[in-house]
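**Q** sequence first, then the predicted structure, then my questions.
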Amino acid sequence: MALVIGGLSLALAFAIAVVVVRGLRRSRKVDNAPRTVEHQNNGSRQVATSFDPKAEEDERFKAQERARHRTEEEARLAAEQETRRRTEEEAHRRANEEARLAAEQETQRRAKEDDRLAAEREAHRNVQEKARLATEQETRRMAEEEARRRAEEQTRLAAEQETQRRAEEDARVAAEQEAQRKAEDEAHLRAEEEVRLAAAQETQRRAEEEARAATAQKGRQAPEEKQTPTGSIGPATPLRAAREYRPMARLPAEPREPAPASAERESRDRATSLEVRLVFERAGFCRVSLLPRRAAGMPVELAVRGSGDPPELLALQEEWYQDIVLSNLGNLLREGIEWVGSLPEGHQVRLSLSGRELYVLAGHSELYGFVSTPRLILGEEHVVLCVAERLSEVRAAIAQAGSTEPTLLSSGSGVPAGWTGLRGVVPRTPIAPSPTGDILDALRPLADVKIALEGGIRIDRQTWLSGFPPTIRLRGDASAIGTVIIDGRDATVSPDSSYVVPGWDSLGGHSVWCTSESRTYEIRSGAEDWESWDAYNWSAWRSRRQRHAVASGAICGVLVRPSRVAQSDGRAIVVPASNPVLIGAAPGEIEICTPRSDVRAGFCVGFPWFEPVWAIPAIVRRRDNRTARVLLIGPQRPVAEDERQASMHAAGRSLFHSGRSRRGNAWCAAIITARRKGLETEPTGAEIAALWRTYERRAKTFRRS
Amino acid sequence: MNANMLLLWMSARREGSWQQFRAAIEELHLGESDDLCGEEDDAPDQLALPLYQTLRFNLQRFGHAEFFAGAGGADWRVTPPSLAVTQHARGWLGILVGARSQALMQRLHAAIGPATLETLAYPGYPDQILIAGGDKGAVAALERVGLLIQSDAPATLLTSLPPIDDACVRYPAQLPLGTDWKIDRFSSENLAWRSATLDDAASVSGGLFRFSLRHQRHMLFCASGAAFGIPGQVGKYLVLRRYRHQILRYDAQKRLLTVPASCRPPFLIERALVLCSGSPPSYEGGLLRYTEIPEDIAVIAAALLRQELR
């Protein structure tokens, strides 16, 4: 651009210079011409002056005309020069302008090109970035999917374990409750029996007395009417006496056989429990009530009768009836409550609360206030109700459990008469329950101890391999756990802090129990039969390479077996490539191994269906009998005199019979050819050579036959 | 805990998934054993093998179990108890391979007869149980305890394998898309991985490339714009063959076969080599040494690897 502008400037300057020089020359020529004329005119004038004034005047006029003409010419030239200069300046200006415009356009073009390239690069980068982000998102999604799947699996496993644990716990609790109920029923029946026996004895005694009196009066007066036995008519449904709570030792549930679904069992009425509920009200008052459970199938309204003359029950929610406040609740809590009602179908339903001197109440997930619970739970807040006589024992037990001093609630604050409440009981220390069962066990929280089954070889969820059982340990504060029971027997602690009993590692199912948890495990034998399979099958490769059907090998571990497609059950035999013909003990037992052509291997492999005895060279006639040998590769089996002695497998037998004559001839030909060549046997030895000769003889006789 | 427990666990279950295998290694605390360090295929590499892969390869190396493609539909499957029999300088040697159980081992000890049983422990491997006998019959008689006998196991295995340049050991593949892949190329000169580009892979006349992106890893043999998926060790020997680089060394007198550790033979060939002695290769000075290798086995192994013995 600069060069163009410079060139244009030089050309312009040169043109101006040329114009100026020409102008100067022209003006000088013009100046000279008039001057010459003037000189001429002067001479003429002088001459004219000397001759004529008119001529002199004309001359003057002409001179003036010439001067005017010259002036006009100069003015015209000046105007032309000015016009030319302006034209040149305009051209110069236009050239400059065009150059500037061209430069601007070039700049703009370059800027646009740069912008376009930048945009393209940006677009490309965006595409790559999007692809990268998509890949990352996909990877992240897959990872999240995997993590989610694993989490779900773990959750499922945890849920299953929790379900199993809960089922075991429920079974254990049910068993305990059942055992307790049975014991209570038994005690109840025993008491009833005692009462019945006492009543019978009393009746008998009275009857005897009356009989004696009657005998005494018999002579005095004749009986006017027959004696009627006394007794009240019972209600349509007998009402049981209220039960007393009998604390049970915390023991593992006995393994139970599944009970037969007898009609008696089905028809047996089961008591629905009554719970005790305490709700704090304003000004430090509280209200204690009975909360009947509503089992499945129980109506919304249920009329009951029994201890304390209860009102009709109204459903509070799905699983509970409205709580009941009775006037003599203090006595009822101590002696127990037994209610009975009739269901619409005619069945009877019992609601029962065993009487006791101590109740532990804790928060409930479904109900407001504090509801009765079997025992204190570590870290939870409780309210304890006890009879006044046991207050000191209860306070001592609460203190032993590590709770702060509770607040006393007297009967004036709403606690039933004869009872005391203790509010703010929060146990911190686990206490072992009494081995014989004690009402104060309810104030002994169980330790937070887990049973751990560690080590061994776990082959399934709760199953260990026989010979490699788990080690049973307790995790947590085991000092207050008391006894650990394995398979119903007290476990001993081994030197490695594990718990064992005789037979804990034997085959079968086992159970471990402690006061806070129970677990089961099984010992089982692992698999003892393993099968081979075609792990790496090169049959396709062999077929392509060798272009004929051979019993190709499939690899499984260290085993090389005929592949399934080969339909042979022979074993792989490797022989030197120089001796690829395998000979068995019976005529027809012959297999030719094909040496590999793709690698220089000194071996070839075959899958004979029989047990080969000899390996002989393939084309004996071309072999040098100084180096060629008949190799003994199997046991020294005598040659079979008939086909029944053939040593073939099932699949080989069918092959043998299908090509009997052909294979028999091949067997004979191979042996006879080797004989004619005079090949020696290897290993050397008279016994082996003699064995080979029997094969030769058998081949000859077989051919003749 | 050691790999014996792992093999017993696998034997008891017969087969399973990869997740179960990894979980068993965690549960059996095999990671707490510090005797698992040793040679790795690419030890200095950032992609060195984790523990479960090391154990997997160790089990696979001897044929105790097959994994993935060879596992018959499962992620892993234990092979039937077998005796790999070879003729040895001292007589006949049987190496116990495959599934084990306490009952099987008891039967084996009871039926050992005139043969001798020797147990060798190697870090990261199940105990190697070697049965030596003066004649083949003494070893083969153990078939009655439930063992499958494989005579001349190394030679039979090698004779049944295709060479590394056979088309059946590779399959057509596409070069991975995207720019985030870490690409390495195997150098035949220093037998190591060198950084490369996608253009290198697309334009090379023949080379082994490793594409790595997080957990993904592809081994591709690229030749004139085409790509083939191939086992890494096979690909290395394919590259060495292409550049006529001979790395196998054999000492006939010591019956010792030596290869650089970065060029471990493909695992089925290596299985045949370790079955010659019953012991895994020793690692020394960047070399793997396979002992008790007969010359004919070395020759056929070299032929399959397209190498010349030196």
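**A** Done, it's in. Quick caveat: nothing in here was measured; it's all calculated off a predicted structure. Numbers count the residues shown, from 1 in each chain, chains lettered A, B, ... in the order given.
**Q** surely residue A:474 is in contact with residue A:484?
**A** Yes - with contact defined as Cβ atoms under 8 Å, residue A:474 counts as touching residue A:484 (6.8 Å). (Each C-beta comes from the backbone N, C-alpha and C, glycine too.)
**Q** show me the domain layout of chain A.
**A** A:64-93, A:269-443, A:458-524, A:546-704 (automatic domain parsing).
**Q** got CSV for those, with mean neighbour count too?
**A** Output for the domains of chain A, formatted as CSV (neighbours: other Cβ atoms under 10 Å in any protein chain shown):
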stretch, mean neighbour count
domain A:64-93, 12
domain A:269-443, 17
domain A:458-524, 17
domain A:546-704, 19
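**Q** quick one: the ones you listed as CSV, columns for distance to chain B too.
**A** What follows is the domains of chain A, written out as CSV (distance: least, Cβ to the nearest Cβ, whole Å):
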stretch, distance to chain B
domain A:64-93, 55
domain A:269-443, 30
domain A:458-524, 5
domain A:546-704, 3
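**Q** one step back: tell me, what's touching residue A:474 and residue A:484 both at once?
**A** A:451, A:499, A:514 (Cβ atoms under 8 Å, 6 or more residues apart in numbering or on different chains).
**Q** just the residues you listed: which are in strands?
**A** Judged by DSSP state E, the shared contacts of residue A:474 and residue A:484 include A:451, A:499, A:514 as members of strands.
**Q** contacting residues around the second one?
**A** Taking Cβ under 8 Å, 6+ apart, we find residue A:499 in contact with A:472, A:473, A:474, A:484, A:486, A:491, A:492, A:493, A:512.
**Q** next one: the last one
**A** Contact analysis of residue A:514 by Cβ under 8 Å, 6+ apart lists A:449, A:451, A:474, A:481, A:482, A:483, A:484, A:485.
**Q** just to check, residue A:415 is in contact with residue A:409?
**A** Yes - applying Cβ under 8 Å, one finds residue A:415 in contact with residue A:409, separated by 5.0 Å.
**Q** what's the overlap in contacts for those two?
**A** With Cβ under 8 Å, 6+ apart, residue A:415 and residue A:409 have common neighbours A:286, A:421.
**Q** what's the burial count for the residue in the stretch 1-150 of chain B that chain A sits nearest to?
**A** With Cβ to the nearest Cβ, the shortest gap between the stretch 1-150 of chain B and chain A falls at residue B:12, namely 2.5 Å. Using other Cβ atoms under 10 Å in any protein chain shown, residue B:12 has 27 neighbouring residues.
**Q** surely it touches residue A:526?
**A** Yes - counting by Cβ under 8 Å, residue B:12 touches residue A:526, with 2.5 Å between them.
**Q** quick one: least confident helix or strand in chain B?
**A** Of all helical and strand segments in chain B, the minimum by mean pLDDT, DSSP states H and E falls on helix B:136-140, at a mean of 85.
**Q** in contact with residue A:301, which residues?
**A** For residue A:301, the contact set (Cβ under 8 Å, 6+ apart) comprises A:312, A:313, A:314, A:315.
**Q** try it again at 7 Å.
**A** By Cβ atoms under 7 Å, 6 or more residues apart in numbering or on different chains, residue A:301 lies in contact with A:312, A:313, A:314.
**Q** contacts only, for the last one.
**A** This means residue A:314. Going by Cβ under 7 Å, 6+ apart, residue A:314 touches A:301, A:321, A:322.
**Q** confirm for me that the second one is in contact with residue A:315.
**A** Yes - taking Cβ atoms under 7 Å as the contact criterion, residue A:321 and residue A:315 are neighbours in contact, 5.8 Å apart.
**Q** joint contacts of those two?
**A** Counting by Cβ under 7 Å, 6+ apart, the common neighbours of residue A:321 and residue A:315 are residue A:294.
**Q** residues near residue A:244, how many?
**A** Around residue A:244 there are 16 residues (other Cβ under 10 Å).
**Q** ok, the closest residue to chain A within the stretch 151-300 of chain B - contacts?
**A** Residue nearest to chain A within the stretch 151-300 of chain B: residue B:160 (3.9 Å; Cβ to the nearest Cβ). Residue B:160 sits next to A:538, A:553, A:555, A:560, A:605 when contact means Cβ under 7 Å, 6+ apart.
**Q** okay, the third one and residue A:19: tell me how far apart.
**A** Between residue A:555 and residue A:19 the distance is 105 Å, computed by Cβ to Cβ, to the nearest Å.
**Q** got the phi and psi for the closest residue to residue A:433 other than its chain neighbours?
**A** Excluding the flanking residues, the one nearest residue A:433 by Cβ to Cβ, 6 or more residues apart in numbering or on different chains is residue A:441, at 4.3 Å. Backbone torsions of residue A:441, given as degrees, to the nearest 10, read phi -60, psi -20.
**Q** just residue A:13 next, same as before
**A** The phi/psi pair for residue A:13 (degrees, to the nearest 10) reads phi -60, psi -40.
**Q** how close does it get to residue A:560?
**A** The value you get for residue A:13 to residue A:560, if Cβ to Cβ is used, is 102 Å.
**Q** got it, and residue B:185?
**A** Distance, residue B:185 to residue A:560, using Cβ to Cβ: 36 Å.
**Q** please apply the same query to residue A:96.
**A** Residue A:96 is 94 Å from residue A:560, by Cβ to Cβ.
**Q** and what of residue A:490?
**A** From residue A:490 to residue A:560 the distance is 57 Å (Cβ to Cβ).
**Q** can you classify residue B:93 as helix, strand or coil?
**A** What DSSP: H, G, I helix; E, B strand; the rest coil gives for residue B:93 is strand.
**Q** isn't it up against residue B:130?
**A** Yes - with contact defined as Cβ under 7 Å, residue B:93 counts as touching residue B:130 (6.2 Å).
**Q** for the two, work out which one has more neighbours and name it.
**A** Neighbour comparison, residue B:93 and residue B:130: the larger count goes to residue B:93, with 25 against 19 (by other Cβ under 10 Å).
**Q** who are the contact partners of the more buried one?
**A** Counted by Cβ under 7 Å, 6+ apart, residue B:93 has contacts B:86, B:130, B:132, B:278.
**Q** distance to residue A:278 for those - can I get that in TSV?
**A** Shown next, in TSV, are the contacts of residue B:93 (distance: Cβ to Cβ, whole Å):
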residue	distance to residue A:278
B:86	83
B:130	76
B:132	82
B:278	77
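**Q** what about the residues you listed, which are in strands?
**A** Of the contacts of residue B:93, the ones assigned to strands by DSSP E are B:86, B:130, B:132.
**Q** check contacts around the first one.
**A** Listed by Cβ under 7 Å, 6+ apart, the contact set of residue B:86 reads B:93, B:152, B:153, B:154, B:275, B:276.
**Q** would you put the C-alpha positions of stretch A:388-396 in PDB?
**A** Only the C-alpha atoms of stretch A:388-396 are listed here, as PDB (Å, rounded to 0.1, in the frame of the first residue of the first chain):
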ATOM      1  CA  ALA A 388     -44.900 -47.800  97.400                       C
ATOM      2  CA  GLU A 389     -43.300 -50.800  99.200                       C
ATOM      3  CA  ARG A 390     -40.800 -51.300  96.400                       C
ATOM      4  CA  LEU A 391     -39.800 -47.700  95.900                       C
ATOM      5  CA  SER A 392     -36.400 -48.100  97.600                       C
ATOM      6  CA  GLU A 393     -35.500 -51.200  95.600                       C
ATOM      7  CA  VAL A 394     -36.600 -49.500  92.400                       C
ATOM      8  CA  ARG A 395     -34.600 -46.300  93.100                       C
ATOM      9  CA  ALA A 396     -31.500 -48.400  93.800                       C
END
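**Q** quick one: it to chain centroid distance?
**A** For stretch A:388-396, the separation from the chain centroid amounts to 52 Å (computed by Cα atoms, centre = their mean, to the nearest Å).
**Q** repeat that for stretch A:437-448.
**A** Chain-centre distance of stretch A:437-448: 39 Å, with Cα atoms, centre = their mean.
**Q** what of stretch A:480-488?
**A** 34 Å.
**Q** thanks again, I'm all set now.
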